[in-house]
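Student: Below is the structure, and that's it, no one-letter string:
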């Protein structure tokens, strides 16, 4: 397994301590969780740069990298819903998009095709990660609301774009 793929796996593993500090309510839990979230997010940027620079792009990475992002971000959003900082419907929009795009990728995979993350998906991921970081900080309610809307709108846009750009995958169904 190459270094970018190891970083992806590390990002998935980091979800456990991220959630543990929140649910066990350790002192300064939000800040510990924020630190873990930021480190995990940085592995996402790092693995992509290394993979592109050294041509270490693999099907594993194309599939697992976006999945690792989804797992990390969803874990944070579930926490925000639980503490009342994010509406459940907003999380549902994110989850529905993730399941739909994953389903599209599975259908494509059955046809021997791998759908890598597109630019709108990368923008969605980056803006969502920034918003999640902000939401862990003591921000005004308006900024929190703006973050939730940024997450929802970039999620919807990128989901629609995946299906429009890859509609041929579903054409014979």
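Tutor: Okay, I see it. Just so it is clear, the model here is predicted, and its values are computed rather than measured.

Student: Quick one: the helices in this protein, in order.
Tutor: 3-13, 15-23, 29-53, 59-82, 88-110, 119-136, 141-165 (DSSP state H).

Student: Can you report phi and psi for residue 115?
Tutor: Here is the backbone geometry of residue 115 (degrees, to the nearest 10): phi -100, psi 110.

Student: before we move on, back to that, what about the helices of the chain, which gets the closest to residue 171?
Tutor: Using CB to CB as the measure, helix 88-110 is the one of the helices of the chain that comes nearest residue 171, at 10.6 Å. No exception for glycine: its C-beta is placed from N, CA and C like everyone else's.

Student: could the helices of the chain go into CSV alongside mean pLDDT and distance to residue 172?
Tutor: CSV is the format used below for the helices of the chain (pLDDT from 0 to 100; distance: least, CB to CB, whole Å):
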stretch, mean pLDDT, distance to residue 172
helix 3-13, 92, 32
helix 15-23, 96, 37
helix 29-53, 92, 32
helix 59-82, 90, 23
helix 88-110, 93, 10
helix 119-136, 92, 24
helix 141-165, 96, 15
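
Student: With distance to residue 171 added, can I get those helices in TSV?
Tutor: As requested, the helices of the chain are arranged in TSV below (distance: least, CB to CB, whole Å):
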stretch	distance to residue 171
helix 3-13	31
helix 15-23	36
helix 29-53	30
helix 59-82	22
helix 88-110	11
helix 119-136	21
helix 141-165	12
